[in-house]
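Student: just a sequence and a predicted model for now, questions to come.
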Amino acid sequence: MQSSFNWEFLSDDNGAYTDFKEKMTYGDYLQLESLLNSQKRLSDHHDEMLFIVIHQVSELWLKLMIHEIESATTAIKQDEFQTAFKMLARVSKIQSQIIQAWDVLSTLTPSEYMEFRGYLGNASGFQSYQYRLVEFVLGYKTPHILKIYEKNPVLHQRLKAAFEAPGLYDVSIQALAKQGFPINQLVLSRDFSKEYIQDSTVADAWLAVYRDTESYWDLYQLAEKLVDIEDWFQQWRFRHMKTVERIIGHKTGTGGTSGVGYLKKVLDHYFFPELWEIRTKL
Ligand code: HEM
Ligand SMILES: N[C@@H](CC(=O)c1ccccc1NC=O)C(=O)O
């Protein structure tokens, strides 16, 4: 049985802790009442439950990813590399979990999906606010995406803050400069809300790190953590694109894009371009 827990009770510091301990239950702590009452099918199709759960699970993992990436970014700014590495390693493990979800979704056939697709209207993963937040905190800034949320001031404000702040890659480049690498001043003082443009001084610095890993062990480890995250991200994008092709073929998307064609184009994007570019030279 669920019980509704009075959360205000937690701020009551008049010696009520024992009472609080006795009242607290598993369901209260995890707020399962709201969590498990949030799977509302619009159709009576059996498989719509799968569709909802996969998305909700993905959104929960995205929430943890954002939490970890933001803290890792702060840690790197403060030269606390070991703290950041632990968080970034966790991000990669989460990404591997989200990718596994495609195996479950692939059990949905085209005819099953078409039976409830109409109920989704114009809704689309394209509107996933947390997915965009992940893109922003990693450093991928696309102004047209921010516009989508203008009608929702709370989401817009949160996204705008991440949009204007230095991303994970920006602070990593700042770490290169702090270690004495001659990074282009225009990159260091750039407007962080603009799309990142590849730079040869950044590529040269990463190249030097990879050529002398012992002298730059922290930066080398950081670089490999970033490559892990980008690698997994691309795998997620690829599995999404292939799963979509398997389920809806080349139909246009509910979000108004060409569908699979659009998702294939997104695969061309790099978060940390220099870290991939230098590999040919090593
Ligand atoms: C039957 C399953 C799915 C289909 C057919 C599908 C289809 C699509 C299509 C066609 C797009 C392009 C935008 C549009 O025009 O709608 C898209 C974008 C997107 N979808 Fe899905 N999707 C599915 C499942 C998922 C799942 C499980 C997630 C996980 C949260 C997800 C997240 C996204 C995201 C984040 C985008 C934006 C990608 C970008 O702009 O880079 N989708 N999806
Ligand atoms: N864009 C999908 C619809 C879709 O997948 C979707 C719809 C509502 C909520 C989440 C979704 N997932 C990812 O795009 C389609 O065109 O069928």
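Tutor: Received it, and whenever you're ready, just let me know what you need. Ligands and ions are numbered 1, 2, ... in the order given.
Student: what helices and strands are in contact with the longest helix anywhere in the chain?
Tutor: Across the chain, the longest stretch assigned as helix under DSSP state H is helix 217-248. If contacts are counted by 3 or more Cβ pairs under 8 Å, 6 or more residues apart in numbering; DSSP states H and E, helix 217-248 sits against helix 81-105, helix 110-117, helix 168-178, helix 200-211, helix 260-266, helix 273-277. C-betas here are computed from N, CA, C, even on glycine.
Student: domain assignment for this protein?
Tutor: 1-38, 47-281 (automatic domain parsing).
Student: pick the most deeply packed of these.
Tutor: domain 47-281 (a mean of 16; mean count of other Cβ atoms under 10 Å).
Student: now do the closest residue to residue 173 other than its chain neighbours, the pLDDT please.
Tutor: Of all residues not flanking residue 173 in the chain, residue 202 sits nearest, at 5.7 Å (Cβ to Cβ, 6 or more residues apart in numbering). Listed pLDDT for residue 202 reads 98.
Student: kindly reformat the domains of the chain as a markdown table and extend each row with distance to ligand 1.
Tutor: Formatted as a markdown table, these follow (distance: least, Cβ to the nearest ligand atom, whole Å):
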| stretch | distance to ligand 1 |
| --- | --- |
| domain 1-38 | 15 |
| domain 47-281 | 2 |
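Student: before we move on, the earlier item: wait, which of the helices and strands packed on helix 217-248 is closest to residue 64?
Tutor: Nearest of the helices and strands packed on helix 217-248 to residue 64, taken as Cβ to Cβ: helix 81-105 at 5.9 Å.
Student: can the closest one be said to contact ligand 2?
Tutor: No. Helix 81-105 is not in contact with ligand 2 by Cβ under 6 Å from any ligand atom; minimum separation 9.6 Å.
Student: that helix packs against which elements?
Tutor: Right, helix 81-105 is packed against helix 48-77, helix 217-248 by 3+ Cβ pairs under 8 Å, 6+ apart.
Student: now those helices in TSV, with mean pLDDT and distance to residue 171?
Tutor: Listed next are the helices and strands packed on helix 81-105 as TSV, based on pLDDT from 0 to 100; distance: least, Cβ to Cβ, whole Å:
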stretch	mean pLDDT	distance to residue 171
helix 48-77	98	5
helix 217-248	98	10
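Student: with distance to residue 176 added, can I get these in TSV?
Tutor: Shown next, in TSV, are those (distance: least, Cβ to Cβ, whole Å):
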stretch	distance to residue 176
helix 48-77	11
helix 217-248	6
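Student: of the ones you listed, which approaches residue 275 most closely?
Tutor: helix 217-248 (5.4 Å).
Student: what's the angle from that closest one to helix 200-211?
Tutor: If you take axes from the mean of the first three to the mean of the last three Cα atoms, to 10 degrees, helix 217-248 sits at 110 degrees to helix 200-211.
Student: centre of the chain to helix 217-248, how far?
Tutor: 11 Å (Cα atoms, centre = their mean, to the nearest Å).
Student: quick check: angle from that helix to helix 168-178?
Tutor: 160 degrees.
Student: picking that back up, tell me which of the helices and strands packed on helix 81-105 lies nearest to residue 194.
Tutor: The nearest among these, by Cβ to Cβ, is helix 48-77 at 17.9 Å.
Student: what helices and strands are in contact with the closest one?
Tutor: Using 3+ Cβ pairs under 8 Å, 6+ apart, helix 48-77 sits against helix 81-105, helix 110-117, helix 129-138, helix 168-178.
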